[in-house]
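[1] just the structure for this:
(2 chains)
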Amino acid sequence: MKSNYLVLFSLVIIFFTACNKDDDSTANDSEFVVAFKNPSTAFTETDNEKEIDLVFSNEAPQDGILIITYTETNLTYGEDYSTTPSAQSGIIEIPIVMGTIQTSFSLKRLNSNPAQNDTDKSIEFSITEVNIPNGFTQGNTSNLVSFSDTASLGGSISPNLGGPNEGNQVYLDLSTQQETVVSRDKWDLAFYNGDQFRVKLNSSLFMMAAPLETTNIDAITEADVASLQSQMAFLVQGSNEFVDAPSGNLNETVIEEISINLEENKVYLIKMGNEIGTDTPETGSVAVAGADRGWKKIRVVQESGAYKLLYANLDATTHQEITIGKDNHHDFTYFSMVNENVVDVAPAKGKWDLNFTVFTEVLDLPEGGESAYGFSDYVATNVLSNTKAYQVMTEDIAYQDFTTANIDNSLYEVDQRVIGANWRDVFNGLFNERFYIIQDTDGNTYKLKFTSMVNENGVRGYPKFEYQILN
Amino acid sequence: MENRFLLIILLLNLFNIQAQETEVKRGSNEKKKDSVKVNDLEEVILTGQYNSQSVKKSVFEVQVITEKDIQLMAGNNLADVLTQTLNMNIIPQAGEGRSGIQQFGFTSEYVKILVDNVPIVGDEGFGNAIDISQINLDDIQQIEIIEGAMGVQYGSNAVTGVVNIITKKSAKAKWQITPYIQEETIGSEYGLFDEGRHIQSLKVGHNFTDKLYANVLFTRNDFQGFLNQNQGKNYFNPEDENDGLRGYEWLPKEQNSIKTLINYRFKNFTVFYKFEYFTEETNKYNTNVLLNPNSATQTVNPTANDEIFNSDRFYHHLNATGKIKNQVNLNISASYQEQTKNIETFTYTIKSEEKSNIENYDYNTRKGFFSRGTFNNFFNKENFKLELGYETTLDEGSASGLSSQNVENRTQNNTLNSYSFFASSEIKPTTRLSLRPGARIITSSQFSPQYAVSLSGKYSFKDGYQLRTIIGTAPKTPTFEQLYFYMVDSNHNVQGNENLNPEYGKSIFLHFKKAFWLNDYELKYTPKLSAWYLDVKDKIDLIITNTSPLAYQYNNIDLYKTWGLSLRNTLKYKNLSATLGLAFSGESKVLNSSDVYNDDFLYAFQFNTNLSYPVPKWNTVFSTFFKVNGPQYQFVSSINDDGETEITRGKLDGYGWLNTSIKKTFHKDLDITIGARNVLDITEVNSSTGQGGTHSAASSSQLLGYGRSFFVKLLYHINF
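    Okay, the predicted model is just below:
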């Protein structure tokens, strides 16, 4: 009897321990989707060859073939344009290589674009077959190539912000998909080229300025400004007084309009802010602020229609001077006091709509009052070129349902903060329930929604959005 | 006078005497039956005693959880059994796969956990911040719990009390082979492999000679996690990446441990060596998913940032107890312990079920040497005894996650070597009164010398009433986070403080009790009334050190106070044994760290009862354990609409832990225990005690359990 229990017990033990293996054998035969990266391509007068990109939903599980056909409008293959690989009886075959996530073909223009009043010339490429198991096309199944300067129909853009240090300012033009990437420590001061004489600080470096009582730049020493310096920091009540208005309103810069009257142009104490961070933060965090850049003093005056900048280190008894003239093509002329030169930063006037950058905002403090505060992942609109925008909540209308008919012109705002940091939540990622309507500098209207705040590994500084023209 | 060195036969199991009989032996080879009545199974305790002695004689008040209780609860680890203890709460950190204890409302950093009088290595040093779900109980004789600051006896961090786990060191049969398996549901979740909890264990003990005993034990505890509303690791919601439903509510983990013991009895000495290797793997699945949408193809390729924690722990303990020159008792322990907790972080691609971007680093390591020695009975005086002792801890550790902005600084090392000397004496001015004053000095490599003092007194009244008073103090060392945390950038300034001093706890306990014998010694009723006061001053908290710009730093600032009353009753009538306890306590926090606080006392009650009814005819024991934690209150500060700080009283609803089991023995060698844990099906309890802050929201419920679960345990005794 006793041994019976022992046998029973042993059997139970064997049963529970012998076959303990993982039972998850989910089939790995997921779908494979191919689409054009963008729904449209524009051949401007200066372009001769364009790469038409195709993207996959995931790594190609094996080699295969992609079949692309085309429909011509007032264009003929071989006469007006050609492709590589070339078309055989109306079909372009593009190989899919196992393990890759994209491919492309190139398109060469053989004739000039039509003149202003000529008929439109375009080709529409379409994916007709994906020769790979479970392969198909979806989304951007076609790409409309115009031989003219037409606005992009939309697409998806991942601005190169530079990862968790967010070292870049990225200027984007939605209608041409032009991306201009500038290291955000390239400049310190921006001099307005319009009618007014205005100077802006580089808010991405968390710079601040405070007016002093004197006009004598060489007389200022650290001792004169010590009490002021302690107030010029984030989360100090009243520090909002030392930064440019985050709205982008040019009349609210911390540095007063440069007067024609020399005596009115005071010396300013300048907090240079922080260098671009170099630390690697924990996944999901940012490290945008690096070493302290110290303090300087400046004075800006007008001199025969140009700016004259006087600048020096805080304790210096002498100063440098430079004359900065006005440039009609750009909103601002940018100057670096560190490298002591004029630098190229933003694209020409009206040639950008959105600026992805670290940014100095103003917030309400819990104990009352306001303070300056640094934001990462900020998206500023180009207010000087009248880029307008407003935010829509998906509980009112879904992104995919929003059409031209839903545009409400009364909601547009010309304010850098419309998108700002409202699109993301530092702790939970992006907000899915909001998107934006933007009228760009060329008058095109797009709907835009953010699709990622981090990359697939969860690392910050890799924003991504998609947008679509409304017409 | 030799009563002190009694060897007491402890009959732990009422109906299976042969297998369960255990002896506890300290200091002497002399054998003598205890003078208490034979059917009164007197409990023998070791914690805080000069030598092991019966609860009745102890100057301290010790609660004992016996092996029998553990078996009836089918307890595999400490977290399974401490839910029933008064003045303690088990707080699961389900999202980390850990369980911590709270005693008198203080976290597990204030409770010291010992195995055979030696503190075990944890994340924050020896004996503290222990994940009690890692303490396996398969070789346990009993668990002893003392309440109150025990700095003289156990040094730093024994602030609210001590949990001392006493392992078995001997057995009667020549060979004892004890395999068991235990299958358990996790709430209503159970599957043979991928859900539920599966325990397998095998213990082999052997008496090589009448002097040499050895055993070896292997246990595997496979906890498959609690999904609750969550959907496992391959879940994603294409519409909402932040729905928080991926992964588990309670992380799955697997534990394996191997323990071995060698015990040798010399003429005047007993020496044992105990070794344990413990390993645990916890899978932390991120509840949020990154969809990584591809706008062009209108597809998503969801990924998640997952983590696997691998812990290894080595425990070596060499102990010698005995007598020098037939006079001086000594008890010396030397222990080397090591813990490494490795983290593997990776990106998990849900569709392809592949890991990428794998990074490994040490998350938390600690290793150290501990030695403790006590010497007593220097002279043959019944009314004056002296104990001298030393304690040395050489402790080196690291902790991670201390700097979110720079991974290079996220890990900090700390070495804390401390050397303590302590002395206490037991003075009996009369036969009824005994006093035990004690003091300890703790010198360390990091802090200025710390002191702990204690004074215990026991007075026996003529009619059998006993009054005990226990006053004690203990310092509490700062944690890694308090010392080294660093988050400073243009927007934040939160810093640890390497100049922190230890916190300082003190307690006063009064116990008044008597045993009543009724019905011609068939009924024994023992009520015990206790009252206590405990406070911790210089408690460390984050304070605003600069308002403009806002900067925070840890400082010694707060004062926490608690007092309470409890009434514990035990009743034994024939086979039936029952306990019933009631505790009422109040706590007050003087938060000098805050501008606005309310230090009114907030009161709570607890109730526990245990009924155990053996039916010898059927070889069956029916048992029920039930504990009620009444509503708990806490002051919560929040900012109202006018921007003012408001203090409101938050509440954690009351809840009850009800466990019940039936254990039946077949043919004296197969025990089958079936039962249910958490019969009242507690998972989350409503809470408004969460502190809402700028970077966090007040939570509306606290997860305390995984619901009603059922277990069956088959244990086979092979003794020959």
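[2] make it CA atoms for all contacts and neighbour counts henceforth
    Noted.
[3] below-threshold pLDDT in the stretch 601-720 of chain B: ranges please.
    Within the stretch 601-720 of chain B, the stretches with pLDDT under 70 are B:643, B:690-699.
[4] tell me where it has strands.
    Under the criterion DSSP state E, counting those that start in this stretch, strands of the stretch 601-720 of chain B are mapped to B:602-615, B:620-629, B:632-639, B:645-652, B:655-666, B:670-677, B:684-686, B:701-703, B:709-716, B:718-719.
[5] ok, the stretch 51-200 of chain A next?
    Under DSSP E, counting those that start in this stretch, the stretch 51-200 of chain A gives strands at A:64-73, A:81-84, A:91-96, A:102-109, A:122-131, A:135-137, A:142-146, A:154-157, A:168-173, A:178-183, A:189-192, A:199-201.
[6] quick one: the residue in the stretch 201-350 of chain A positioned nearest to chain B from A:I132, how far?
    Nearest residue of the stretch 201-350 of chain A to chain B (C-alpha to the nearest C-alpha) works out as A:P281 at 4.1 Å. Counting by C-alpha to C-alpha, to the nearest Å, the gap from A:P281 to A:I132 is 41 Å.
[7] out of the two, which sits in the busier spot?
    Neighbours per residue (other C-alpha atoms under 10 Å in any protein chain shown) separate A:P281 from A:I132, with A:P281 holding more: 23 against 18.
[8] contacts only, for the residue nearest the centre of chain A.
    Centroid-nearest residue in chain A: A:F356, 3.5 Å away (criterion: C-alpha atoms, centre = their mean). Applying C-alpha atoms under 8 Å, 6 or more residues apart in numbering or on different chains to A:F356 gives the contacts A:159, A:161, A:169-171, A:377-380.
[9] mind running it again at 7 Å?
    Residues counted as contacts of A:F356 (C-alpha atoms under 7 Å, 6 or more residues apart in numbering or on different chains) are A:169-171, A:377-380.
[10] what is it paired to in the beta sheet?
    For A:F356, the beta-bridge assignment (DSSP bridges) gives partners A:V170, A:V379.
[11] quick one, grab the pLDDT at residue 206.
    Looking at chain A here, since you left the chain open. On pLDDT, A:F206 comes in at 96.
[12] hmm, I had chain B in mind actually
    The model's pLDDT for B:H206 equals 96.
[13] so it is in which element?
    strand B:197-207 (DSSP states H and E).
[14] does that strand come close to chain A?
    No. Remark: strand B:197-207 sits outside contact range of chain A, by C-alpha under 7 Å from any C-alpha of the partner chain, the gap being at least 7.9 Å.
[15] and the next helix or strand past that strand?
    Going down the chain from strand B:197-207, the next helix or strand is strand B:212-223, by DSSP H and E.
[16] restrict that next one to CA atoms and write it as PDB.
    Extracted C-alpha coordinates of strand B:212-223, given in PDB (Å, rounded to 0.1, in the frame of the first residue of the first chain):
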ATOM      1  CA  LEU B 212      26.700  14.400  12.400                       C
ATOM      2  CA  TYR B 213      23.500  15.500  10.600                       C
ATOM      3  CA  ALA B 214      23.300  16.900   7.100                       C
ATOM      4  CA  ASN B 215      20.500  17.800   4.700                       C
ATOM      5  CA  VAL B 216      20.100  19.200   1.300                       C
ATOM      6  CA  LEU B 217      17.100  20.800  -0.200                       C
ATOM      7  CA  PHE B 218      16.000  21.900  -3.700                       C
ATOM      8  CA  THR B 219      13.000  24.000  -4.400                       C
ATOM      9  CA  ARG B 220      11.600  25.400  -7.500                       C
ATOM     10  CA  ASN B 221       8.800  28.000  -7.400                       C
ATOM     11  CA  ASP B 222       7.400  28.900 -10.800                       C
ATOM     12  CA  PHE B 223       5.100  31.800 -10.400                       C
END
